[in-house]
Every structure is written in C-alpha cells, then in structure tokens.
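Trainee: model this:
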Amino acid sequence: MQAWRENGTGERAAAFSHSTAMLALILDLSNILGGFLLAIGLLALIPRAGDDLARFAERLSRFRWIVGVVALICGGYFLVIHLISGPRVFHFELVGIAVGVLLLWDRLRAGRLAHRDLPASGARGPGLVLAVFGAIAMLVGLQGIFTAD
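Mentor: Numbering: from 1, shown residues only. Below is the predicted model of the structure:
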C-alpha cells in the first residue's frame, strides 16, 4: 500500500513539474513577444532590419491583447506559487505581470479619460521608457529560456 502512494505521488509530482515547465516557457515567450511589441519604437531604428521588424510588429499587434493576457496569467500564477511555497519571488514573473498590464492598458482604461493613455513606443519622450522596458523584457524572456528553474 505504501509503494502505491509513493508511486502515485511521484507521478503527480512529475506531471505537475512538466506543466509548470510548460507554463514557464509560455511566460518567457510572452515576455519576449510582449517586450518586442513594447520596444518596436527603438527596434524600428535598426539599420536594414528596422523596416522588417516594424512590419512583423504590425502583424503581431493584432494579438497584442492575447500576449498581454497570457503574460498576466502566467506571471500571476508563478507569483502566487513563489509567494506561497518559495523559494523566492523571481524577476521573470514581475516583468511578465508588468508586460501584461502595459499591453492591456488600452483595454483596462476603456471608457475612462483618454488623456491618461500610455504613449506609443518611440525613440523619444515618454514612449522611450516603454521601449527601454520592452527591450529589458525581451532580455528577461531570453534569460528565462536559458535559465534552469
């Protein structure tokens, strides 16, 4: 009877580990894609590649809200898990939550005053802050892919 319990628990733990690893990969990908969408104002300035990146961002922008929701859900999940069972809160989930909120800002502010909207990503002014944060989010997503959890 004891062997069955250990085996059942081990299988359950292995399944939980695989699903958690898949959610971590989804969080990293949403950080990369969301960071790309936030940083396109700077990335479009890259010589010889900026136009292609801008076209790709234009195609990807239709799915902006999906990337934001995925980043919020996965980042929130890992934040809760790491707050409850440890070992500590990681920057991956905090960046994921911030990316989700920034990508969904237009939808979160629906029906409110328009003068409080976030600026568009750009190479100058307040949009530069979003673009720099987007570049940081892309780096955090890449780090998350290559870092063992």
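Trainee: Spatially nearest residue to the residue positioned nearest the centre of the chain (excluding sequence neighbours)?
Mentor: Nearest to the mean C-alpha position of the chain, by C-alpha atoms, centre = their mean, lies N31 at 2.8 Å. In this structure, N31 finds its nearest non-sequential neighbour in G141, 3.3 Å apart by C-beta to C-beta, 6 or more residues apart in numbering. Quick note: C-beta positions are derived from backbone N, CA and C, even for glycine.
Trainee: And L72, by the same measure?
Mentor: Excluding the flanking residues, the one nearest L72 by C-beta to C-beta, 6+ apart is G100, at 3.3 Å.
Trainee: Can you list the buried residues in the host helix or strand of that neighbour?
Mentor: G100 is part of helix 91-103 when elements are defined by DSSP states H and E. Residues of helix 91-103 classed as buried: F92, E93, V95, G96, I97, A98, V99, G100, L102, L103 (neighbour count, 16 or more other C-beta atoms under 10 Å).
Trainee: Sketch out the low-pLDDT regions of this structure for me.
Mentor: Scanning the chain for pLDDT under 70 picks out the ranges 1-16, 109-124, 149.
Trainee: and T147, what are its phi and psi?
Mentor: Main-chain dihedrals, T147, degrees, to the nearest 10: phi -100, psi 130.
Trainee: now A44
Mentor: Main-chain dihedrals, A44, degrees, to the nearest 10: phi -70, psi -10.
Trainee: what's the distance between the residue nearest to N31 and H18?
Mentor: Distance of G141 to H18, given as C-beta to C-beta, to the nearest Å: 20 Å.
Trainee: For those two, work out which one has more neighbours and name it.
Mentor: G141 (24 against 10; other C-beta atoms under 10 Å).
Trainee: Surely that one touches I32?
Mentor: Yes - at 3.6 Å, G141 counts as touching I32 under the criterion of C-beta atoms under 8 Å.
Trainee: residues in contact with the helix or strand hosting the residue nearest to N31?
Mentor: Using DSSP H and E, G141 sits in helix 126-146. Here helix 126-146 makes contact (C-beta atoms under 8 Å, 6 or more residues apart in numbering) with 24-25, 27-32, 34-43, 91-92, 95, 98-99, 102, 118-123.
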